[in-house]
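S.K.: Take a look and give me a structure for this.
(chains A and B)
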Amino acid sequence: MKIGVFICHCGENIGRTVDCPRVAKACEWLPGVEVSLDYKYMCSDPGQNMIKDEIKKKKLDAIVVGSCSPHMHEKTFRKAAVDAGINPFLVEIANLREHCSWVHDDIDSATDKAIDLVRMAIEKVKRNQPLTTIEVPVTKRTLVIGGGIAGIQAALDVANAGYEVVLVEKEPSIGGHMSQLSETFPTLDCSQCILTPRMVEVYQHPRIKLMTYSEVEKVEGFIGNFNVTIRKKARHIDEDKCTGCGLCITKCPTKKKAFNSFEENLAYRPAVYVPFPQAVPNIPVIDETVCMYYKNGKCGMCVKVCGREAINFDQKDTLVTEEIGAIIVATGYKLYKIDKKPDDSPIKGYGEYGYGKYKDVVDGLQFERIASASGPTSGEFKRPSDGKEPKKVVFIQCVGSRDESKGFSYCSKICCMYTAKHAMLYKHKVHDGEAYVFYMDIRSGGKMYDEFVRRAIEEDGVKYIRGRVSKISEKDGKYIVKGEDTIAGMPVEIDADMVVLATAMIAQQDASELAQTIGIPYDKYGFYNEAHPKLRPIESTTGGVFLAGACQSPKDIPESVAMASAAAAKALVLFGSDKLEREPVVAYVNESLCAGCFYCKKVCPYGAVEVKELKDRNGVVYKEVAYVNTGLCQGCGTCTATCPSKSVELAGFNNEEIFAQIAAL
Amino acid sequence: MEELRKLAKELLENKTVAAVLGYVEIEPKRTKPIVITNPEDAEKLVFNEYCLNNLAVYLTKARIKNLAKQNGSVLKLGIVAKPCDIHAIIALIQESQLKREDVYIIGMNCGGVAKDFGLEYGADTLASKCVPCETHKPLYSDTTLGAEKETPKVSDEVLDKIRALEKMTYVERFAYFKKEFDKCIKCYACRAACPLCYCQRCITDKTIPRWIESSPHSRGNFSWNVVRAFHLSGRCIGCGECERACPMDIPLSLLNRRMTETAKEAFAYVSGRSLETPTLVGSFDVKDSDELFM
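M.R.: Model (predicted):
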């Protein structure tokens, strides 16, 4: 076997710490190596041409490239090998960058290690088998998880391109947090007015199957071929019969039984409810926890008033399975809440701000509802405790964000903008009111964003104070806000009527659970990880699963919408071909050695292992062995690790190859 | 004894079973396994405190399996089994090596067996596996025979000896087993006697690649015995046949018992006790403790 070795300097990335010419020279004399060369940029056109030329000139059978991670350029070098007539799986990458030069300082020992890494790759490639790629069909349907603005946008884009979409939303209505907002920065257009047409479009779209009050329970399969189980929670109202007249809601006697979570607990709702008047679908839900019928079997007022006989107390959750090709995760965020009982809250801190204790200390979303024309105060500024118009409002930024000791170290990104908006909205309605903003820095990068903040300060007279607030206390119906003006270098004390905390955007409570269900990675905060922070910000590391909106990191509306459209485009790229090419790194069974214990079948996460009957020449079954369905196998290797007799192996990573690699050390 | 012989004869005569795996006495206090296919030979069968072998090991052997195939039809195999042997049968069924309908289990009520042949059976000569035994009655059987018995009470001295290993630190344990494994001559009697070592080709016999050094050298000895213990963890039913078969007297069941205890403590699972409980290896529950790994 003739092997070519190509050592890349990666500019200075490898060359700085690894003596590449020495590596190439050392490999020249290894058994099987026909040619060993080094070059500044092996991935460049001249570099690739060098590989191709050498393959042809020296009639090479296999190549080893000492370069960056195979994640980066394995494809590039495989392509070059294929162009020159070599099977792509006879290309091995020795990772001299991430595994060597980037993590070492000493040139001599790093070079020694690099030689070892290349030697290992040479021993492996000697035993590599030529493999052919596997083709699998693509189901051209998309699952969008989350019906906020990101999910809505993604669903509409995919559906408008001609493909079917299943949109799953866990709340009774789509719309998400955007439907709660009063106005949006930097143009101050009404949030509902721009959102509801999109919601209606989703509802009426012939290719969108909308499933509200539903949650994704199980995801099986792989890119292009997911099998998703969705739990449709019992609404206790027949969706086909209900006309959305709302009589049940107005007649329900449990008027003030439950907090209205759409109004951020500033108002109450009955047991049967729609979250807000423009809800899509406009079909109410019966909340079992407060409904009198479920308490004592009595009442049934809704049944009496419903002319359509749509109420069904016995309705149960149903499980629906959908065949899906691509998944777009757009589950959004939640706001950092300082619990009323801080002992119970997973998030500690800011007890000194009195949130939950003082009624007039509210968070950003609560303030949105107070400012909203459809909110509990019909858009008039009234503080929650006594309904009086607050004449002095203090806004505090960075509550829970950029604060490692009490909250999270990341920047919540949107709070600078929405606080400016809040202060502005307040000043527009309460002309004689005073608005103070405590800030750390003003981060207003974005089109028309800084202009917007300047307008709040200069035209609307919002007073910005650079500094943190140390304590809020109540005195004679006023809230004494003690802080520091770090520019003036003086302590500040403001007797406010109301305080608004710009609390951080955090990951949804069940974000990690959903991630485990789908099989995507998440960071320490619970935000979903993108495949590459710069070049693949939309894809998760799991094939066929894309991310949109604030589930990935804090985002404002335009960013979420842009990301949603990008995720839709990624799904459409997937649907661009009928067959999907997959790497042939799949498990295979040595049938003569398999003892048929089927532990491999039990541990396979993809259900790819089946039972195969071996028959003798008379057609009599003499043995049952494991069989791997290559269409389902993802090459995770769990079966190979489990098999006690090592009768199942992974193509491209079989025991012989790996052993040779280790033995070369 | 008579009822056992009568049942075996009947089963063979009416073709319920193709063969009966049982015990035959070759001298007082010593038995050996026998495969009976002729109803006349059922007279030879015995069952007593010296029926040490776990006959379940034969159920997966091709020669025995082939006995069941007669004139195109497949009959059952009869097996005389102590309650602990039945655990092995259950494990084999769960690991797809056997179907329940393939075997006719003649379950024997059991009060324990002797440590070895030729010893006077009593509290001091009780096999160590019988000391903590909780199943004196078969959990699964087609017919259960014999009077219910209790295991003799064992003196604290014997118990202490059995538990000596648990009191060691892990450094001491490692040294202890290293010393014990040094005795290994790689005869693989442990593997041959183990009902759950049914692989067609054992990992230690593989040469490409060679996983385990095959010469009786301490390095290979250690890997072999530890790999075998790992392959049995969560699977070993505790029949102790490996230890009894070992010509070098390596206390193999101490190792296996420790693994069994670990599985029991962490996952409340003991192998071979129920056909309904999924096997520990190969079943996953999010509520599973991960303390073992952290």
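
S.K.: ok, the residue in the stretch 1-150 of chain A positioned nearest to chain B - contacts?
M.R.: Taking C-beta to the nearest C-beta, chain B has its nearest neighbour within the stretch 1-150 of chain A at A:Arg127, 9.7 Å off. (Each C-beta comes from the backbone N, C-alpha and C, glycine too.) Applying C-beta atoms under 8 Å, 6 or more residues apart in numbering or on different chains, one finds that A:Arg127 lies in contact with A:654, A:656-657, A:660.

S.K.: Can you tell me the SS state at residue 158?
M.R.: In the absence of a named chain, this looks at chain A. Here A:Val158 takes the helix state, with states given by DSSP: H, G, I helix; E, B strand; the rest coil.

S.K.: that's the other chain; I wanted chain B
M.R.: Here B:Val158 is recorded as helix under three-state DSSP.

S.K.: Kindly report the residues of chain A close to chain B.
M.R.: Proximity of chain A to chain B (C-beta under 8 Å from any C-beta of the partner chain) is limited to residues A:592-599, A:601-603, A:624, A:642, A:644-647, A:655-656, A:659-660.

S.K.: Please name the residues that touch residue 235.
M.R.: No chain was given, so I picked chain A. Applying C-beta under 8 Å, 6+ apart, the residues contacting A:Arg235 are A:172, A:213, A:283-286, A:315.

S.K.: wrong one, chain B
M.R.: Contact criterion C-beta under 8 Å, 6+ apart gives B:91, B:95, B:196, B:271, B:279-281 as the residues in contact with B:Arg235.

S.K.: That one belongs to a helix?
M.R.: No. Note on B:Arg235: no helix contains this position according to three-state DSSP, which reports coil.

S.K.: can you list the domains in chain A?
M.R.: A:3-131, A:141-233+A:317-332+A:508-575, A:247-305, A:334-506, A:587-663 (automatic domain parsing).

S.K.: Chain neighbours aside, what residue packs nearest to the residue of the stretch 1-150 of chain A closest to chain B?
M.R.: Counting by C-beta to C-beta, 6 or more residues apart in numbering or on different chains, A:Glu657 is the residue found nearest to A:Arg127 once chain neighbours are left out, at 4.7 Å.

S.K.: what about the one you found, which SS state?
M.R.: Using three-state DSSP, the three-state assignment for A:Glu657 comes out as helix.

S.K.: So it is in contact with A:Leu131, correct?
M.R.: No. Proximity of A:Glu657 to A:Leu131 does not meet the contact threshold set by C-beta atoms under 8 Å, at 11.9 Å.

S.K.: tell me the pLDDT at B:Thr262?
M.R.: On the pLDDT scale, B:Thr262 is placed at 87.

S.K.: my read is it is in a helix, agree?
M.R.: Yes. Following the definition three-state DSSP, B:Thr262 is counted among the residues of a helix.

S.K.: what's the spacing between B:Lys183 and A:Thr541?
M.R.: From B:Lys183 over to A:Thr541 the distance is 50 Å, taken as C-beta to C-beta, to the nearest Å.

S.K.: What parts of chain B come near chain A?
M.R.: Remark: the part of chain B in contact with chain A comprises B:95-97, B:198-203, B:206, B:208-209, B:211, B:231, B:278-279, B:281-284, using C-beta under 8 Å from any C-beta.

S.K.: Would you map the helices across the stretch 451-600 of chain A?
M.R.: All helices of the stretch 451-600 of chain A, identified by DSSP state H, counting those that start in this stretch, fall at A:511-518, A:557-575, A:599-603.

S.K.: same question, chain B
M.R.: Taking DSSP state H as the test, the helices found in chain B are B:2-13, B:62-67, B:83-94, B:156-167, B:170-181, B:189-193, B:218-232, B:241-245, B:252-267.

S.K.: tell me which residues in the second one are buried?
M.R.: Buried residues in helix B:62-67, counting neighbours by 16 or more other C-beta atoms under 10 Å in any protein chain shown, are found at B:64-65, B:67.

S.K.: What count of nearby residues applies to whatever residue of the stretch 151-294 of chain B ends up closest to chain A?
M.R.: Here the stretch 151-294 of chain B gets closest to chain A at one residue, B:Gly282, 2.9 Å apart by C-beta to the nearest C-beta. Applying the criterion other C-beta atoms under 10 Å in any protein chain shown, we find 18 residues in the vicinity of B:Gly282.

S.K.: before we move on, what about B:Met1?
M.R.: Number of residues near B:Met1 (other C-beta under 10 Å) recorded here: 11.

S.K.: Now do the same contact list for it.
M.R.: Contacts for B:Met1 were tallied using C-beta under 8 Å, 6+ apart; they are B:45-47.

S.K.: For it, give its distance to B:Gly22.
M.R.: Distance of B:Met1 to B:Gly22, given as C-beta to C-beta: 11 Å.

S.K.: Repeat that for A:Ile662.
M.R.: Distance of A:Ile662 to B:Gly22, given as C-beta to C-beta: 49 Å.

S.K.: Compare these two and say which one has the larger neighbour count.
M.R.: Remark: of A:Ile662 and B:Gly22, B:Gly22 carries more neighbours, 27 against 11, as counted by other C-beta under 10 Å.

S.K.: didn't the more buried one look like it was pressed against B:Leu7?
M.R.: No. Here B:Gly22 does not reach B:Leu7: they are 10.6 Å apart, not a contact under C-beta under 8 Å.
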